[in-house]
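S.K.: Only the shape, not the letters, is given here:
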Ligand code: SF4
């Protein structure tokens, strides 16, 4: 482990793109090697970077560190998803989740034909300003934006800890704590660092940015043309209910969001994901499914239904699976691709904010 007390003013190297480092480290070609050591060979310390001259390693460790977080706790659910609680260097807490999406496939001799497919869900802020009524993160208020390096570090740490070689494909979803588009500058930078071919090389097509519907920033993200996928947390089909569930709707209503989505550049083979959290008796009626079909008219959309994950501080309840299935059927018969997301990690409270909340209450 790197010793952070050595020089507390050291910069977090994970905050820098390769191009930025090439401006400040010479000779430039060493930067690619440093990236490979950190992101591909999972070095713990500059002293392990044996292809760099000794003096350079010493100079680097005087100026930089690459340990912006420590894992305080992790919990594995019965469905094998793992939720991590990280402590940042200023003591604040965030969380990330490793979700196995497709199981390993073996041949008859027990050899691996296909590795487990993972999705990593990462945080972009400590707390959140959006204030969604169903969300535990919102209850704690907003503390600060994560730096690009703190976002990158969650992925790096989880891949390294789980011994997933850098080239093993993972999908990333910016759906942990925080509203990613409220921290667009650092999130966009993290996307660039995570997709760098000398680093973790996670294709932008495997990175999904999820938003509570900040229409102006959806437009800005589109203008950056990063090539990432977009997910909209819609959760309601009329402004009255949506403003109750998601106060941010008062600033950007459904019409404004749909307008921004229609103008968002998406790959011809991809779709915009609409997340719809089904809450018992609140938004799970078939009349609401019908309205959703109307709203999505003309958009290359996919709907992901999520059954609400109950927690102590919420008045909302989880709907029955039958209700969710009939909502899904209705959308499917209207030609809208629709899945029901398995509530992975229900037994470890994987809805955002819950591990952190419990950890604080227990400490
Ligand atoms: S659901 Fe997401 S956007 Fe809404 S308050 Fe929670 S963290 Fe923020």
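M.R.: Great, that's in hand. Everything numeric here is computed off the predicted structure, so don't read it as measured data. Numbering: from 1, shown residues only.
S.K.: Figure out the helix or strand that the residue of the chain positioned farthest from its centre lives in.
M.R.: Checked against the mean C-alpha position of the chain, the extreme residue using CA atoms, centre = their mean is residue 55, at a distance of 37.6 Å. Using DSSP states H and E, the element containing residue 55 is helix 54-63.
S.K.: The ligand contacts on the stretch 101-250 of the chain?
M.R.: Counting by CB under 6 Å from any ligand atom, the residues of the stretch 101-250 of the chain close to the ligand are 128, 130-132, 135, 137-138, 177-179, 212. Every residue, glycine included, has its C-beta placed from N, CA and C.
S.K.: Apply 5 Å and report the result again.
M.R.: By the rule CB under 5 Å from any ligand atom, the part of the stretch 101-250 of the chain lying against the ligand is 128, 130, 132, 135, 137-138, 179, 212.
S.K.: Packing partners of the strand or helix carrying residue 20?
M.R.: Element membership of residue 20, judged by DSSP H and E, is helix 18-24. Other elements packing on helix 18-24 under the criterion 3 or more CB pairs under 8 Å, 6 or more residues apart in numbering; DSSP states H and E are helix 29-35.
S.K.: Let's test this: mean pLDDT of the helix it packs on, rounded?
M.R.: Confidence over helix 29-35, taken as the mean pLDDT, stands at 98.
S.K.: same thing with stretch 314-325?
M.R.: Stretch 314-325 comes out at a mean pLDDT of 90.
S.K.: now do the same end-to-end measure for it.
M.R.: Length of stretch 314-325, first residue to last, CA to CA, to the nearest Å: 24 Å.
S.K.: How about it and the ligand, any contact?
M.R.: No - against the ligand, stretch 314-325 shows no contacts by CB under 5 Å from any ligand atom, the least distance being 11.6 Å.
S.K.: For the residue in the stretch 151-300 of the chain positioned nearest to the ligand, report the pLDDT, please.
M.R.: Per CB to the nearest ligand atom, residue 212 is where the stretch 151-300 of the chain lies closest to the ligand, at 3.9 Å. pLDDT recorded at residue 212 is 94.
S.K.: Can you give me the distance of residue 199 to residue 40?
M.R.: 7 Å (CB to CB, to the nearest Å).
S.K.: The two: which has the busier surroundings?
M.R.: Using other CB atoms under 10 Å as the criterion, residue 199 and residue 40 rank with residue 199 on top: 23 against 16.
S.K.: Can you list phi and psi of that one for me?
M.R.: phi -110, psi -130 (degrees, to the nearest 10).
S.K.: residue boundaries of the strands in the stretch 251-363 of the chain?
M.R.: Using DSSP state E, counting those that start in this stretch, the strands of the stretch 251-363 of the chain run over residues 272-278, 301-307, 337-341.
S.K.: Which strands border the second one, and is each parallel or antiparallel?
M.R.: By that I understand strand 301-307. Strand pairing for strand 301-307, determined by DSSP bridges: strand 272-278 (parallel), strand 337-341 (parallel).
S.K.: so residue 234 makes contact with residue 211?
M.R.: No - with contacts defined as CB atoms under 8 Å, residue 234 does not count as touching residue 211, sitting 10.3 Å away.
S.K.: Among the strands paired with strand 301-307, show me which one is buried the most.
M.R.: Among these, the stretch with the highest mean neighbour count (mean count of other CB atoms under 10 Å) is strand 272-278, at a mean of 22.
S.K.: re the thing from before, tell me, what's touching residue 199 and residue 40 both at once?
M.R.: Counting by CB atoms under 8 Å, 6 or more residues apart in numbering, the contacts common to residue 199 and residue 40 are residue 166.
S.K.: Including mean pLDDT, could the strands paired with strand 301-307 go into TSV?
M.R.: Putting those into TSV (pLDDT from 0 to 100) gives the following:
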stretch	mean pLDDT
strand 272-278	93
strand 337-341	90
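S.K.: Just send those strands back as a markdown table, with distance to the ligand too.
M.R.: Converted to a markdown table, the strands paired with strand 301-307 look like this (distance: least, CB to the nearest ligand atom, whole Å):
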| stretch | distance to the ligand |
| --- | --- |
| strand 272-278 | 9 |
| strand 337-341 | 14 |
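S.K.: closest to residue 242 out of these?
M.R.: Closest approach to residue 242 among the strands paired with strand 301-307 (CB to CB): strand 272-278, 11.1 Å.
S.K.: before we move on, back to that, show me the residues of the stretch 101-250 of the chain next to the ligand that map onto helices.
M.R.: Of those, the ones assigned to helices by DSSP state H are 137-138.
S.K.: Now for the residues of the stretch 101-250 of the chain next to the ligand: which two are most distant?
M.R.: The largest separation in those, counting by CB to CB, is between 137 and 212 at 11.2 Å.
S.K.: before we move on, back to that, can you tell me how far the residue farthest from the centre of the chain is from residue 62?
M.R.: From residue 55 to residue 62 the distance is 11 Å (CB to CB).
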